[in-house]
Each structure stands twice: as structure tokens, then as C-alpha cells.
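> Make a model of this:
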Amino acid sequence: MTEVEIVLEGRTEHRLPPAKEGRTEKQMERHGKGPADRAHRSAFHNPAMADCRTRSVLLMDYMLDDEWFNKPKIHTIDALCATGSRINRWLTELPPQKAERLLITGADLDEEALEYARQNCPGVELLNEDSRQVLLSSGWQWVDIDPFGSPVPFLDSAMQSSARRAVMEVTATDTAALTGSSASACLRRYGAKVRTDEMAHDSALRLLMATVARTAAQHDRCIIPLMSSWDSHHIRVSVKVHRSIQAANVLEDQLGWRLAMPTSEELQAATEAGLHPQGSEGEQPFCLLPFSYPVRRDDKRVSGPLWAGALFDQDVLSSMTVERAMSLCGEEAETAVRHWVGEAELAAVPSLIITDMLPKFCDVNGPPKILDLITGLKDAGYKAAVARWGAPAIRTDAPWPEVLKITEDCFD
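The predicted model follows:
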């Protein structure tokens, strides 16, 4: 290895193989915004995951202050570490007294990538082995799984070997399967079906969370969601994992179905189950129903089974401030946490309202300005926040008729 290019991500300098010659400026620009490809460098590094790695630093910093871990040292694995960018950022950007608590192992089958990882992460155990075998070798308290494609092949080993109390962060880049665009892959890998509609990416998050939860239950464990995100080409969930047979036995209480254009009876059932704060009045685009509700699997309105509970922890979201992100991870960290704090008080609200859909249900010619809608809902006494989402969206506990009325008021 003779040549090195140093890239700054967050506050961390990272050594990589140099970009290959012959790449156009347009290709170079795209590479920083979307999924990486091996035509750009000889060892894998994805700059589009920078915000994801920033949030990983922030979550680890938060959890090391939490009482979840009751041991001084945290056995940590980046199961597909490539050039070690995530490990490097943990060790560089966490406060030293927290970084010193981490006993880190990285694993990858790409020996060239590991050569750079050894430069980036001196003193870290880096193994050129199958991650599934490495996962089985210890009782891990922090597990990061970020594969190319589906994480399903790694989940069983990760759950089987997790400590009594652990944190697990799981990334999936097979979004075509998770969002239902590839229906056969969705059913084959995740045992579910997802409608390709406006809520497909929220359904994808819930499907990945449900998959992690089902794998945990198979090993007498349960999960407690910490946060979840959809960024461009990937889906990611972060959870606490706790060994509890009793909690694993009631997994179905956390699962459910998403229905498009639900009937009044279905809206009533969703409301009574506590899964639909918008209530049962009027024609509505979607609702979540409990797993016990009888649905026909051939009903084209149905997505599921999905995780029907909360996708976030309120305190974790409250900790994701711009000030804290910039303090730990540098001046460009703002985009990684934009809107997260605002959603904190609505962390337990399962519904998501995409504002571009509102004109279909009320007398307006276009979607309202999102800040006007938020202000109107708050002035009416409801909780409301801009949702961190790929399309303009809000979270609120307001009943559906009130959402529509305030939408129309935005145009008066």
C-alpha cells in the first residue's frame, strides 16, 4: 500500500485508497451524495453514510451516560468495518474517558480495506474473517451491522451472542425489498409484503424493526427502539436488546398491519388499539392495526406484518441537538440531526402525515406550508412537529378533522 488519500469526515481524518483516475467531476459529486461503488476506490468507503456515522457517535455518547451498561468496559463490534471509518470516528470524536471504555473488534473479508483500517484505528483488533463467525465469539454489548444489501444473514449470530444488555444498530441497503418494490425479495427475506405507496419507506423502517424483534425473540430476547432513520439509499434502526423470555413471549403485541384507505370499522379498531391518534372520523389515507386484527393477506391495501410500536425513544431524540452534534462531530454535523429534537415529544406517536397528500382530503389546491400547519396545530392546543422524512411530513396527535380544518385555514 503506497498511496493514501486523507478525507475529513466529522472531526476525523480518515485514510483511504486514492480515488481512481478517470472519474468525471459529475461522478465525483454524485459519489458524495449517494451509495458508494467500488469503481471509485479500491477499498469500500461510503461518504453518503457520513450523517449515519455522526448519529452513531451521538447515540454511543448518550448511551455511555445511561445506566443501561453496568460494566466499565463495553465489548463493541463493527461487524463489517471496511476501512474502519465508524470505529475511527467513535475513537476520535467521543470524549476520551468514554472512548477508553470501548473494547473494539472490527471484522471484514476485504483484506485491502483492513490494511487501511489498521492505519485508521491503531490498537483495534481487526479480523479478516467471516463476520458471522466473529459475532459468535463473544458476548457483545454494542453491535453495529452495516452490510452491502440485507442484514438478515447476520442477525441470528448477532442476537445469539449479544450480552444480557446490549445495543444493536442495524443498517439495510436493500431498500427495493424493504419498500416492496421487489415484492418477491421482500417476502423471501423478511416474510412480509409492503405496498409501494407514499408510506413505503415508513413501512420499510417498521419491517426492519419487526425483523430485528422477531430474531431477538427467537433467542429469548426483546428489543426497545432507540431511533430509526431513512436516508436516501439506506434504512437503519438502533435498539436496546435485553434478555427476557417473558418480554419475548409477547412480541405479537408490538406487531401489526398498515392499511391504505381503511374503512370506518378499521379506523375504529386502530384508534381503540392506541395506534391511530387521528381517530376514526372521515376518510383517511392510512392507519396501523394490531397484529390480532383479522386481515386478508391478499388484500392489496395491506402491508405487514410490521412493527407497530414506537420507532424512537423520547430522551434519545431530545439529546440529538445541533449544539451537541457540532461540539462532538464538527461544524457540518447539523444535517445529521435536523428536526430530530422537535419530534421528541411525539416519539411515541406512530402516525406520519405526508403533507402532499392532504389536498386529496380537503378543499385546497395544494399542500400547506408546513410551518404554517405546525403553528396552526400548536395554536389549537395539539402537539405537532416537522418530521425528519424524505418528503414534507409532520407528526401530530391532532384528530384528522382538525388536521384538515387547519390545513384549509392555512390558505385563508
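
> domains of this structure?
What the record gives for the chain is the domain set 5-251, 352-412, from automatic domain parsing.

> and those domains as CSV, adding distance to residue 263?
Quick note: C-beta positions are derived from backbone N, CA and C, even for glycine. Below are those laid out as CSV (distance: least, C-beta to C-beta, whole Å):
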stretch, distance to residue 263
domain 5-251, 16
domain 352-412, 14
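
> And those, which one averages the lowest pLDDT?
Taking each of the domains of the chain in turn, the lowest mean pLDDT turns up on domain 5-251, with a mean of 91.

> Ok, which of the domains of the chain comes nearest residue 262?
With respect to residue 262, and counting by C-beta to C-beta, the nearest of the domains of the chain is domain 352-412 at 11.3 Å.

> Could you tell me the end-to-end distance of the closest one?
Counting by C-alpha to C-alpha, to the nearest Å, the length from the leading to the trailing residue of domain 352-412 is 25 Å.

> So what's the gap between that domain and the chain middle?
For domain 352-412, the distance from its own C-alpha centre to the chain's C-alpha centre is 24 Å (C-alpha atoms, centre = their mean, to the nearest Å).

> Pull the biggest helix by length in the chain out as PDB, backbone CA atoms only.
Longest helix in the chain by number of residues, with DSSP state H as the criterion: helix 200-218. Written as PDB, here are the backbone C-alpha positions of helix 200-218 (Å, rounded to 0.1, in the frame of the first residue of the first chain):
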ATOM      1  CA  ALA A 200     -43.500   2.600   1.800                       C
ATOM      2  CA  HIS A 201     -40.300   3.900   3.500                       C
ATOM      3  CA  ASP A 202     -42.000   4.200   6.900                       C
ATOM      4  CA  SER A 203     -43.300   0.600   6.300                       C
ATOM      5  CA  ALA A 204     -39.700  -0.300   5.400                       C
ATOM      6  CA  LEU A 205     -38.500   1.000   8.800                       C
ATOM      7  CA  ARG A 206     -41.200  -0.900  10.600                       C
ATOM      8  CA  LEU A 207     -40.500  -4.000   8.700                       C
ATOM      9  CA  LEU A 208     -36.700  -3.900   9.500                       C
ATOM     10  CA  MET A 209     -37.600  -3.200  13.200                       C
ATOM     11  CA  ALA A 210     -40.000  -6.200  13.200                       C
ATOM     12  CA  THR A 211     -37.400  -8.400  11.700                       C
ATOM     13  CA  VAL A 212     -34.900  -7.500  14.400                       C
ATOM     14  CA  ALA A 213     -37.600  -8.000  17.000                       C
ATOM     15  CA  ARG A 214     -38.500 -11.400  15.700                       C
ATOM     16  CA  THR A 215     -34.900 -12.500  15.600                       C
ATOM     17  CA  ALA A 216     -34.400 -11.300  19.200                       C
ATOM     18  CA  ALA A 217     -37.500 -13.300  20.300                       C
ATOM     19  CA  GLN A 218     -36.100 -16.500  18.800                       C
END
